[in-house]
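Visitor: just a sequence and a predicted model for now, questions to come.
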Amino acid sequence: MKLTINEIAELAQVAKSTVSKALNGQKGVSEGKRKFILKLAEQLDYHPNASAQALASNRSGSVGLVLPHQAVYSLAGAYWSSVITAVALEARSHNYNLMILSPGLDDDMAGPIESVLKRRNVDGLILSAEHLDARTVSTLILEDVPFVFIGRSPSVQHYSVDVDNEAGARCLTAHMASKGRKRIACLAGPADYLYTQQRISGYRQALRDAGLEWSAIEYSSYLSEEISVALIRLLAQHPNIDALFITAGGEFVLDAIDALRRQKSDLSDFGISVFDDYRFFDYLGIPISRIRQPLSQIGTTAASTLFSLIEGEKPERLDWVLDTEAVLY
């Protein structure tokens, strides 16, 4: 026979409201009593009615994560897959479900965001700050929806989790310069993305620090054909480059290396560094220096910050900027 919350309250010798607060992680109940009630509920295999919980708390019991690009691209690499895994684990620890939202063909994030806001089926959102427009951010603020950025927005200061993009790029470029590379070029992602600008800044600073009065930068979207065209253009303008810093990871790197191999048959004495880290880099037959980002920490920190906002608590920080790890060859 299924137990009710009234029977749990009677067995625990507390009020029904106390049991409800303990089960829902709300304030107003001591930590000792909360643990006792949770243990009792577990021993008796008590499972509260999810619909009733949602109605009582005026919450959906779900949070959303909005991908920056179509799922077929975003989930092709390890970055978003690892972040999603960490967010899902943190959500589960708060008895929440995770909803993954994907933009349409034009990478428009406004559509899926407006859809969930209209239906009120999430209690908060984690968003990539890459190309979120100001109107959508204003809508989130006006609707009083808790949200956290992964990456930082150039247009609005809000709760965010990012890595030290400039320091990582500076480290990679300085390492190539220390290896005797004199003509280090840069193949970058979209120029309007803040993290691209920060990585370019680190690249330029490292060149200045090394006394190299030279730079060569080409920007590209994440489309395979455009990456190839950008690299061909870069090599045409600077045929004597001896190293390449790639500011993005995943498929972007593979497309760039494919195009590089078509233009340069011998890469044995050519330096390559990448702002990302994937195991398959070790199987490409060429040494690749890279920046390893703390992907699990990014997801966990973003989710824990979001749950603080949902619970009406002030998060520990406004901006989290996490350190990266360099893997150098």
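Guide: Good, I have the coordinates.

Visitor: gap between Ala169 and Phe280?
Guide: According to Cβ to Cβ, to the nearest Å, Ala169 and Phe280 sit 22 Å apart. No exception for glycine: its C-beta is placed from N, CA and C like everyone else's.

Visitor: neighbour count for these two, which is higher?
Guide: Using other Cβ atoms under 10 Å as the criterion, Ala169 and Phe280 rank with Ala169 on top: 29 against 10.

Visitor: if I pick that one, what's in contact with it?
Guide: Gln198, Arg199, Ile200, Ser201, Gly202, Tyr203, Ala206, Phe245, Thr247, Phe275, Ile291 (Cβ atoms under 8 Å, 6 or more residues apart in numbering).

Visitor: what do you get for Ile298?
Guide: Residues in contact with Ile298 (Cβ under 8 Å, 6+ apart) are Val83, Ala86, Ile150, Val161, Val163, Leu322.

Visitor: kindly report the same for Asp282.
Guide: Going by Cβ under 8 Å, 6+ apart, Asp282 touches no other residue.

Visitor: how far away is it from Ile288?
Guide: Going from Asp282 to Ile288 by Cβ to Cβ gives 8 Å.

Visitor: repeat for Ala216
Guide: For Ala216, the distance to Ile288 - Cβ to Cβ - is 19 Å.

Visitor: who's more crowded, those two?
Guide: Neighbours per residue, other Cβ under 10 Å: of Ala216 and Ile288, the larger number sits with Ile288, 20 against 16.

Visitor: outline the domain layout of the protein.
Guide: Listed domain ranges for the chain are 5-57, 62-158+295-322, 165-292 (source: automatic domain parsing).

Visitor: re the thing from before, most neighbours, which of the contacts of Ala169?
Guide: Among the contacts of Ala169, the one with the most neighbours (other Cβ under 10 Å) is Thr247, at 31 neighbours.

Visitor: looking at it, that residue is touching Thr196, isn't it?
Guide: Yes: contact criterion Cβ atoms under 8 Å: Thr247 and Thr196 qualify, at 5.8 Å.

Visitor: which residues do those two both contact?
Guide: Ala188, Gly189.

Visitor: in the stretch 101-250 of the chain, where is pLDDT below threshold?
Guide: For the stretch 101-250 of the chain, the stretches flagged by pLDDT under 70 are 107.

Visitor: all strands of it, in order?
Guide: 125-128, 147-150, 160-163, 184-188, 216-219, 243-246 (DSSP state E, counting those that start in this stretch).

Visitor: what does stretch 104-124 contact?
Guide: With contacts defined as Cβ under 8 Å, 6+ apart, stretch 104-124 is touched by 59-64, 66, 68-70, 96, 99, 101-103, 125, 127-128, 131-133, 135-136, 139-140, 143, 145-148, 306-307, 309-310.

Visitor: swap in stretch 144-159?
Guide: 83, 117, 122-130, 132, 134, 137, 140, 160-162, 194-195, 298, 302-303, 305-306, 309-310, 315, 318-319.

Visitor: nearest residue to Gly202 other than its sequence neighbours?
Guide: Spatially, and ignoring its direct neighbours in sequence, Gly202 is nearest to Ala169 (3.1 Å; Cβ to Cβ, 6 or more residues apart in numbering).

Visitor: now do the one you found against Ala188, distance only.
Guide: Distance, Ala169 to Ala188, by Cβ to Cβ: 10 Å.

Visitor: could you do Leu44 as well?
Guide: Taken as Cβ to Cβ, the span from Leu44 to Ala188 is 58 Å.

Visitor: try Ala86
Guide: From Ala86 to Ala188 the distance is 27 Å (Cβ to Cβ).

Visitor: quick one, which of the two is more surrounded?
Guide: Between Ala86 and Ala188, counted using other Cβ under 10 Å, Ala188 has the larger neighbour count: 23 against 19.
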